[in-house]
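Student: sharing a model prediction with you, sequence too.
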Amino acid sequence: MHASCAAQRSVSFFGGTVVTRRVARQSLRSMATPCVAGAKQTVLVTGAAGRTGRLVYEALLSRPEQFSARGLVRTAESKAALGNGDNLFVGDVSSNSSALEEALRGCDALIILTSATPKMVAPPKPGERPEFVYPAGGLPEQVDWHGQKAQVDAARALGVKNVVVVGSRGGTDPNNMLNRIGGEGTNILVWKRKSEKYLVDSGLDYTIIRAGGLLDKPGRVRQLVIGSDDADLGFRAVPRADVAEMAIQALLCKEASGCSLDLVSKEEGDGAPTADFAALFATAKRGM
Ligand code: NAP
C-alpha cells in the first residue's frame, strides 16, 4: 500500500500503484476489438466518475456504433467533470432509488463500478502505517451491500438484461486485512461478496470480475490471466484500463454470461497481449 500521496483524492488499497486522477483517466479510445458484432446496447455505468468507472464510461462513449453510454455519478461536481451531458445522472445508489431508476430505464446493461473507498486520515509518520476512514454514508455495508443490491433490484424491476460487476479478489477470506481497513468490522470484501451472491441469485444475466490490485498503467499491452476464488495466479495486479476493457467485453461476448472470475495480468512483455476475450471468458468459472 502506498501511503505518501496525501494530495490525492483517494488511495488504492489493494496493493495497486497510487497515482493521480489525471493519470488514471488514460483513454481507452484505441481499445476497440469487440468479441462479436451485435445490436447497439444502451449501457449505464455507475461510479462513472471513479478511477475505473470513468475509463469504462469514456470507452463506451468512444464506440457509438456499439454503445449508447450513460453514467451515474454521486455529485454535480462529478457530473461536471465528465462533461455535464444529458446522459449523466446524479444520485447516491444507497439512498436515491429514483435517480437510479431514471438512469437505468431503457438500458440493456448495467456495469457496476460503485465502491466504498476509504480515505487516508493523514500522511503517516515515518515508520507508521497510514490510517484510513470511510466517509459518512460511504461504509462498505452502505455502498457495497445496500447500494449494490439496490442496483440489482432496479435492474431486475426495469428489465435490464445484463449486469457486470467489477469487484475485488480476496473475498474468500474473511480475515483478509482489507476487511479491517477503515476500522474493525468494516468488512468490505464480505459485503462485496454478499452482493455478488445476490446478483447471482437474482436471475439476471451477469459477469463478475474480481480484480487484483489496480494499476494506473496502459491497457491492452499485457496478457490477462483469469482464475477463481482467490487461487494463486502467480500475478497480483492488473491495469485499471484492462479491467475496464474486460467489463465492456463482457457485454459483447456470450461466453461471459453467468461467470465469475478473478482477473490479473502478467507483466508487460511477458506473454502476448490478450486479444481474444471470448476465449478468455470461455475458461471462466460458471456461477459464483
Ligand atoms: P473508485 O475510484 O474508488 O470509484 C468508486 C466510485 O464509486 C466513485 O466514483 C464513487 O463516487 C462511487 N460511489 C461510492 N459510493 C457511492 C454511492 N453511494 N452512490 C453512487 N456512487 C458511489 O474505484 P476504483 O479504485 O476504480 O475500483 C473499482 C473497483 O475495483 C472497486 O469495486 C474496487 O473495490 C475494486 N478493486 C480495487 C482495487 C484497488 O487496488 N484499488 C483492487 C481490486 C479491486 P465519488 O466519485 O463521488 O466518490
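Tutor: Ah, there it is.

Student: count of residues packed around residue 261?
Tutor: Look at residue 261: counted by other C-beta atoms under 10 Å, it has 24 neighbours. Glycine gets a C-beta too; all of them are placed from N, C-alpha and C.

Student: what's the answer for residue 267, then?
Tutor: Residue 267 has 10 neighbours, counted by other C-beta under 10 Å.

Student: could you find the closest non-adjacent residue to it?
Tutor: residue 222 (7.2 Å; C-beta to C-beta, 6 or more residues apart in numbering).

Student: okay, residue 38: pLDDT?
Tutor: Residue 38 is assigned 81 on the pLDDT scale.

Student: do residue 111 as well
Tutor: For residue 111, pLDDT reads 99.

Student: helix/strand/coil for it?
Tutor: strand (DSSP: H, G, I helix; E, B strand; the rest coil).

Student: give me the nearest residue to the closest residue to the ligand within the chain, chain neighbours excluded.
Tutor: In the chain, the residue that lies nearest the ligand is residue 50 (2.3 Å; C-beta to the nearest ligand atom). Closest residue to residue 50 apart from its sequence neighbours, by C-beta to C-beta, 6+ apart: residue 113 at 5.6 Å.

Student: isn't the one you found up against residue 166?
Tutor: Yes - using C-beta atoms under 8 Å, residue 113 is in contact with residue 166, at 5.3 Å.

Student: what is in contact with the two at once?
Tutor: 52, 247 (C-beta atoms under 8 Å, 6 or more residues apart in numbering).

Student: so where does residue 199 fall, helix or strand?
Tutor: helix 188-200 (DSSP states H and E).

Student: and the contacts of that helix?
Tutor: Residues contacting helix 188-200 (C-beta under 8 Å, 6+ apart): 115-116, 140-141, 144-145, 148-149, 152, 163, 165, 167-168, 170-174, 176, 178-179, 181-182, 206, 208, 260, 287-288.

Student: follow-up on the earlier one: pLDDT at the residue nearest to residue 267, what is it?
Tutor: Per-residue pLDDT puts residue 222 at 98.

Student: count the neighbours of it for me.
Tutor: Other residues near residue 222 come to 26 when the count uses other C-beta under 10 Å.

Student: so how far is residue 212 from residue 95?
Tutor: As judged by C-beta to C-beta, to the nearest Å, residue 95 and residue 212 stand 31 Å apart.

Student: pretty sure residue 59 is in a helix, no?
Tutor: Yes - under three-state DSSP, residue 59 sits within a helix.
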